[in-house]
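Peer 1: here you go, sequence then predicted model.
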Amino acid sequence: MSEGRFVERDPYAPIQYGYQVDQVLCSGRSDFQEYQVITNPFFGRIMILDGVVQLTERDEFFYHEMLAHVPLHSRPQPENVIVIGGGDGGAVREVVRHDCVKNVWLVDIDPEVTRLSKEYFPGVSCGLSDPRVRVLHEDGAAFLRNFDGRADLVVVDSTDIVGMAKVLFSQQFFGDVNRVLTDDGLFVTLSESLHFHFPIVRDVQNTMRDVFGHADLYTAPIATYGGNWWCFAVGHKGRGCRAKVRPTVAGTRYYCDEIHSGCFLPDFLYSRLMDPSRDRF
Ligand code: SAM
């Protein structure tokens, strides 16, 4: 970060995004990563981890709503939800809008992210105080390996697929998710951008197909994630999440019936994505 300016380097694409910095609210290093909270005149407060934007006050709801509500609205009564990563609390805030949900495990390796979110992003972290939520700070892969319950939904809301988050995209981790999921359960994970990370998106789909038997992909426009055309990969055992079966919970700003039915990648694009000879549409 230089005076008045933060430059983000996408971990996989030769692209940089520049943000005007009005104020650096805090800056430091936890046991796991570097962090900053800055303010920008357009996006408001921004949380940065290891030089990559994680969330902004202005656009975080697009991402968090899509991560939680597409899978949750496709089941009549999901009760048990595990969120891996997501220590800021944004995904959990959306999950707890569903009254049918009885238990939420939020497992982020880094307690500092939760502390920062509580201090600087109270509108994001607010769901963490819900009595149904257990906040745990440990590696998500280790947590799942030892988890002996069942979940209707497992969500991965991690940092990019590098460093300590890489394990959350491995065949072995997906296998542990598969073991924990109910027969009707769903696994949803961030899956980078169709513009910038085409082969990565395909790899995640292929690993999901191998492990769960079925995979699907939906997208959302995220202003601050590299490539912007952001993907959510879904692993399931036969019943995906294309059909919405309940009315939309109160409080969403982006997610609704029209977004649910329109967010899945159309077949002609999906078959190009899965064609191993292509690296672009
Ligand atoms: N929405 C953000 C995005 O996609 O850019 C992610 C937000 S969230 C802050 C990402 C979190 O994943 C971080 O707090 C980080 O500590 C956590 N994380 C990364 N690897 C992890 C792992 N192996 N187990 C648990 N949490 C992990």
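Peer 2: Structure received. What you are looking at is a predicted structure, and each value in this text was computed from that prediction instead of being measured.

Peer 1: for the stretch 51-200 of the chain, what lies in contact range of the ligand?
Peer 2: 54-55, 63, 84-88, 107-110, 113, 139-141, 157-159, 164-165, 167-168, 190 (Cβ under 6 Å from any ligand atom). Bear in mind the C-beta positions are built from the backbone N, C-alpha and C, glycine included.

Peer 1: could you rerun that using 8 Å?
Peer 2: Contact residues (Cβ under 8 Å from any ligand atom) of the stretch 51-200 of the chain with the ligand: 52-55, 60, 63-64, 67, 84-88, 90-91, 107-110, 113-114, 117, 138-141, 143, 157-160, 163-165, 167-168, 190.

Peer 1: give the buried subset of these as a PyMOL selection command.
Peer 2: Burial among those is assessed by 16 or more other Cβ atoms under 10 Å; the matching PyMOL selection reads:
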select buried, resi 52+53+54+55+60+63+64+67+84+85+86+87+88+90+91+107+108+109+110+113+114+117+139+140+141+143+157+158+159+160+164+165+168+190
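
Peer 1: can you tell me which of the residues of the stretch 51-200 of the chain next to the ligand are in helices?
Peer 2: Secondary structure defined by DSSP state H assigns Glu60, Tyr63, His64, Leu67, Gly90, Ala91, Val113, Thr114, Ser117, Gly140, Ala141, Phe143 of these to helices.

Peer 1: any chance of those in a markdown table, plus distance to Val101 and pLDDT?
Peer 2: Shown next, in a markdown table, are these (distance: Cβ to Cβ, whole Å; pLDDT from 0 to 100):
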| residue | distance to Val101 | pLDDT |
| --- | --- | --- |
| Glu60 | 20 | 98 |
| Tyr63 | 19 | 98 |
| His64 | 15 | 98 |
| Leu67 | 14 | 98 |
| Gly90 | 16 | 98 |
| Ala91 | 12 | 98 |
| Val113 | 22 | 98 |
| Thr114 | 20 | 98 |
| Ser117 | 20 | 98 |
| Gly140 | 19 | 98 |
| Ala141 | 23 | 98 |
| Phe143 | 19 | 98 |
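
Peer 1: for those, work out which two are farthest apart.
Peer 2: Glu60 and Ala141 (25.0 Å; Cβ to Cβ).

Peer 1: and the ligand, is stretch 216-227 touching that?
Peer 2: Yes - counting by Cβ under 8 Å from any ligand atom, the ligand has neighbours in stretch 216-227: Tyr225.
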